[in-house]
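Colleague: Here is my input; please provide its structure:
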Amino acid sequence: MSATPPFPSNSAATNLVDTDALATTQPTPAFSPLYQQIKVLMLKSLQSGEWKPSEAIPSEIDLAARYKVSQGTVRKAIDELAAENLLIRRQGKGTFVATHAEHQVQYRFLKLVPDNGDPNSEGPAQRQIIDCKKSRASADVARALAMRAGDAVLQVRRVLSFSAIPTILEDLWLPAMPFKGLTAERLTDYDGPMYALFETEFGVRMVRAEEKIRAILPDAEQCGLLQIGPQTPLLSVERIAYTYNDAPMEMRRGLYLTDTHYYRNALN
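Modeller: I've put the predicted structure just below:
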């Protein structure tokens, strides 16, 4: 399978003459609701970097004029993008591109919560980067990232500790080209969440993820890194994270120690 391009070209049309032109120039079916077609165009602006994370997008009035549709149509498109955590409405200020630097977004992808239920009670995790190296994609990593087996990937291993207790061991695989220049030093020096680093320094924004969860026992190396015994049960979480256009950009395998934490997921 050939690699999925991480980003499309920036040649998306920004002005529409009429609804028929919109329907014929976009990959969405002609019978899709108009607000869905506007959503496609707005996604292209997000995808191309025209509207960057944390920046305000044009007003509903300006977007309605740009796309030659009603404000109500634009509002419905924005509502869907906000529901998908791609945009954030701020009362009296406007609508902004969501960013992983936002406090509430950081915890959207971190599901391990202390037993008291408050993820803020422990403060940020202490991170130890064990390794960051270039390697070749195995068959399962290549399949997850829509690459060919043997293609170049970056492999990262780190340990997250809470209150100085190692709690999460993570292995990550990233397509090498979009993350060229990523090193253990850059990961160590960056204070914010890893997804915020990907967003601000590499232009890759993770917008959704799929996870598979099972219980396992650790091997000897995992025991050493998490400072646990071989009979300690761990929660294994395998995640594939996607950027815009459902392009897979990360495969992550995390081992979670759950004696003082639990895995929380909200089902909407």
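Colleague: The closest residue in space to residue 172 that isn't next to it in sequence and residue 196: what is the separation?
Modeller: Nearest non-adjacent residue to residue 172, counting by Cβ to Cβ, 6 or more residues apart in numbering: residue 156, 4.3 Å away. For the C-beta atoms, the positions are set from N, CA and C on the backbone; glycine is no exception. Going from residue 156 to residue 196 by Cβ to Cβ, to the nearest Å gives 15 Å.
Colleague: before we move on, back to that, am I right that the residue nearest to residue 172 sits in a strand?
Modeller: Yes. Assessed with DSSP: H, G, I helix; E, B strand; the rest coil, residue 156 lies in a strand.
Colleague: hang on, it packs against residue 179?
Modeller: No. With contacts counted by Cβ atoms under 8 Å, residue 156 stays clear of residue 179, the gap being 9.4 Å.
Colleague: With neighbour numbers in mind, choose between the two.
Modeller: In this view residue 156 and residue 179 are compared by other Cβ atoms under 10 Å, and residue 156 has more residues nearby, 23 against 20.
Colleague: Pull up the per-residue confidence for the more buried one.
Modeller: Note for residue 156: predicted pLDDT of 97.
Colleague: one step back: beta-bridge partners for the residue nearest to residue 172, please?
Modeller: Taking DSSP bridges as the rule, residue 156 bridges to residue 132, residue 172.
Colleague: Contacts only, for it.
Modeller: Contact criterion Cβ atoms under 8 Å, 6 or more residues apart in numbering gives 129, 131-132, 170-174, 182, 184, 187 as the residues in contact with residue 156.
Colleague: just residue 157 next, same as before
Modeller: With the criterion set at Cβ under 8 Å, 6+ apart, residue 157 makes contact with 129-132, 169-172.
Colleague: Out of those, which end up buried?
Modeller: Neighbour-count burial (16 or more other Cβ atoms under 10 Å) is assigned, among the contacts of residue 157, to 129, 132, 169-172.
Colleague: the domain parsing of this protein - what is it?
Modeller: Here the chain is described, according to automatic domain parsing, as comprising the domains 19-97, 103-263.
Colleague: Flag whichever of those has the least confidence on average.
Modeller: What stands lowest among the domains of the chain, in mean pLDDT terms, is domain 19-97, with a mean of 83.
Colleague: what's next to stretch 188-198, contact-wise?
Modeller: Contacts made with stretch 188-198 from outside it, assessed by Cβ under 8 Å, 6+ apart, are listed as 99-101, 106, 109, 127, 129, 179, 186-187, 201, 204-206, 241, 249.
Colleague: For residue 219, see how far away the residue nearest to residue 227 when sequence neighbours are not counted is.
Modeller: Of all residues not flanking residue 227 in the chain, residue 166 sits nearest, at 5.4 Å (Cβ to Cβ, 6+ apart). Computed as Cβ to Cβ, the residue 166 to residue 219 distance reads 15 Å.
Colleague: which of those two has more neighbours?
Modeller: Under the neighbour definition other Cβ under 10 Å, residue 166 and residue 219 were set side by side, and residue 166 has more, 17 against 10.
Colleague: any idea which residue sits dead centre in this structure?
Modeller: Note on the chain: the residue nearest the mean C-alpha position is residue 206, at 1.9 Å, using Cα atoms, centre = their mean.
Colleague: how about the nearest residue to that residue once chain neighbours are set aside, what does it touch?
Modeller: Among residues not flanking residue 206 along the chain, residue 241 sits closest, at 4.3 Å (Cβ to Cβ, 6+ apart). Applying Cβ under 8 Å, 6+ apart, one finds that residue 241 lies in contact with 109, 195, 206, 208-209, 248-250, 252.
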